[in-house]
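K.L.:
here are the coordinates; sequence isn't available:
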């Protein structure tokens, strides 16, 4: 993928290259069975004891995580005149958080069904190796972003690493049910990094996107916690359903889902009617699924299925909001 994009950068504007890279990567997963077979083969090699259903879930999560991470950073690059290598460097920053987080939480991960098959709990790599890799990558990425971009972008990256590892993972995660509310800011920083890399400053436009991701994070993870509460309880993580119960958690999910719509409407000031209508449909769908979840409280397996539906839709919601932003910008620049 990257050699092709680097070759094409001689002939095409960078905003089109970014759009092509992100959309094409997603389409390869959706429509190309060979892409899924390759991912499946790699996962089977790493996890030979997994059954077919577990492998399918790992493949799905693999592409969801990569897709959303790349899209978040790509948003800040839509007006870029910089080399495509800078985008490669920014997307590599996504690896830092995973390496350091999984090093610190390796014992906790071993207790949870959702994370027990990560490489550190399985002892496929050493804890010291993971720590060294994460620290070296963190330092190298901050320095590289400073030299190829600017001080603001590098500072935001350093802040993101510090916030995610020390504020969220070490301080908040096992101390308060508000962990994901406060810690959610770490997941909202990447668009700011991309924007600052290009412009050297921040604006209300990108801060609204930061706010959207910040408000999206709690209902996304609370929906997951509703049907994975035993896992979190076993690991000693005080997620909201464990502390206040399912009913209050669902109420908070509904309240947060209502905040997403006005934020996207404020964002519409900077974009076209295409973004306004598309984001409104997604926002209303989010609200509907959150309200629908409440009607199945106390209904056992049916409630679990509805919580899973909301969780997976929340991924689709953010992915599509980011995709619509790129498409909207591309349409206006072509016109």
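P.N.:
That came through, no problem. Remember, it's a predicted structure, so these values are computed and weren't measured experimentally.
K.L.:
what helix or strand does the closest residue to residue 112 other than its chain neighbours sit in?
P.N.:
Counting by C-beta to C-beta, 6 or more residues apart in numbering, residue 112 lies nearest to residue 231, which is 4.4 Å off, once chain neighbours are set aside. All C-beta spots, glycine's among them, are computed from the backbone N, C-alpha and C. If you go by DSSP states H and E, residue 231 is part of helix 229-235.
K.L.:
counting contacts, what elements does that helix pack onto?
P.N.:
Applying 3 or more C-beta pairs under 8 Å, 6 or more residues apart in numbering; DSSP states H and E, we find helix 229-235 packed against helix 240-244.
K.L.:
now stretch 125-141: mean pLDDT?
P.N.:
Regarding stretch 125-141, the rounded mean pLDDT is 87.
K.L.:
Okay, buried residues for it please.
P.N.:
With burial defined by 16 or more other C-beta atoms under 10 Å, the residues of stretch 125-141 counted as buried are 130, 133, 134, 137, 138, 141.
K.L.:
Which members of these are positioned in helices?
P.N.:
Using DSSP state H, the members of those that fall within helices are 130, 133, 134, 137, 138, 141.
K.L.:
quick one: the last one from residue 161, how far?
P.N.:
When C-beta to C-beta, to the nearest Å is applied, the distance between residue 141 and residue 161 equals 8 Å.
K.L.:
cool, the second one as well?
P.N.:
When C-beta to C-beta is the yardstick, residue 133 and residue 161 sit 14 Å from each other.
K.L.:
And the next helix or strand past the helix or strand containing residue 288?
P.N.:
Following DSSP H and E, one finds residue 288 within helix 273-294. Heading C-terminal from helix 273-294, the first helix or strand you meet, by DSSP H and E, is helix 301-334.
K.L.:
So, low pLDDT: which residues of this structure?
P.N.:
1-97, 332-335 (pLDDT under 70).
K.L.:
at 50 instead, please
P.N.:
Along the chain, segments meeting pLDDT under 50 span 1-12, 14-15, 17-18, 29-30, 32, 34-35, 38-50, 54-55, 57-93.
K.L.:
In contact with residue 298, which residues are there?
P.N.:
Taking C-beta atoms under 8 Å, 6 or more residues apart in numbering, we find residue 298 in contact with residue 246.
K.L.:
Name all residues that make contact with residue 265.
P.N.:
Residue 265 is in contact with 276, 279, 280, counting by C-beta under 8 Å, 6+ apart.
K.L.:
can you map out the strands along the stretch 51-200 of the chain?
P.N.:
In the stretch 51-200 of the chain, no segments count as strands under DSSP state E, counting those that start in this stretch.
K.L.:
And the helix holding residue 288, what does it pack against?
P.N.:
Here helix 273-294 touches helix 204-227, helix 246-267, helix 301-334, going by 3+ C-beta pairs under 8 Å, 6+ apart.
K.L.:
and if we set it to 6 Å?
P.N.:
Applying 3 or more C-beta pairs under 6 Å, 6 or more residues apart in numbering; DSSP states H and E, one finds that helix 273-294 makes contact with helix 246-267, helix 301-334.
K.L.:
Same question for the longest one: list its buried residues.
P.N.:
If I follow you right, that is helix 301-334. By 16+ other C-beta under 10 Å, the buried positions in helix 301-334 come out as 303, 306-307, 310-311, 313-315, 317-330.
K.L.:
can you check stretch 289-301 too?
P.N.:
289, 290, 293, 296.
K.L.:
what does stretch 196-206 give?
P.N.:
Neighbour-count burial for stretch 196-206 flags 196, 197, 198, 199, 206 (criterion: 16+ other C-beta under 10 Å).
K.L.:
Could you measure from the residue nearest to residue 112 over to residue 114?
P.N.:
Per C-beta to C-beta, residue 231 is found 6 Å from residue 114.
K.L.:
Neighbour count: those two, which is higher?
P.N.:
Taking other C-beta atoms under 10 Å, residue 231 and residue 114 do not tie; residue 231 has more neighbours (18 against 14).
K.L.:
from what I can see the more buried one touches residue 110, true?
P.N.:
No: Residue 231 lies out of contact with residue 110 (C-beta atoms under 6 Å); the separation is 11.7 Å.
K.L.:
I'd like the distance between the closest residue to residue 125 other than its chain neighbours and residue 102.
P.N.:
Nearest residue to residue 125 in three dimensions, chain neighbours excluded: residue 119, at 5.2 Å (C-beta to C-beta, 6+ apart). Distance, residue 119 to residue 102, by C-beta to C-beta: 8 Å.
K.L.:
Looking at those two, which one has more neighbours?
P.N.:
Using other C-beta under 10 Å, the more surrounded residue of residue 119 and residue 102 is residue 102, with 21 against 15.
K.L.:
what residues are up against the more buried one?
P.N.:
118, 120 (C-beta atoms under 6 Å, 6 or more residues apart in numbering).
K.L.:
For the closest residue to residue 101 other than its chain neighbours, the count of nearby residues, please.
P.N.:
Nearest non-adjacent residue to residue 101, counting by C-beta to C-beta, 6+ apart: residue 169, 5.4 Å away. Number of residues near residue 169 (other C-beta under 10 Å) recorded here: 22.
K.L.:
so residue 169 makes contact with residue 103?
P.N.:
No: using C-beta under 6 Å, residue 169 is not in contact with residue 103, being 10.0 Å away.
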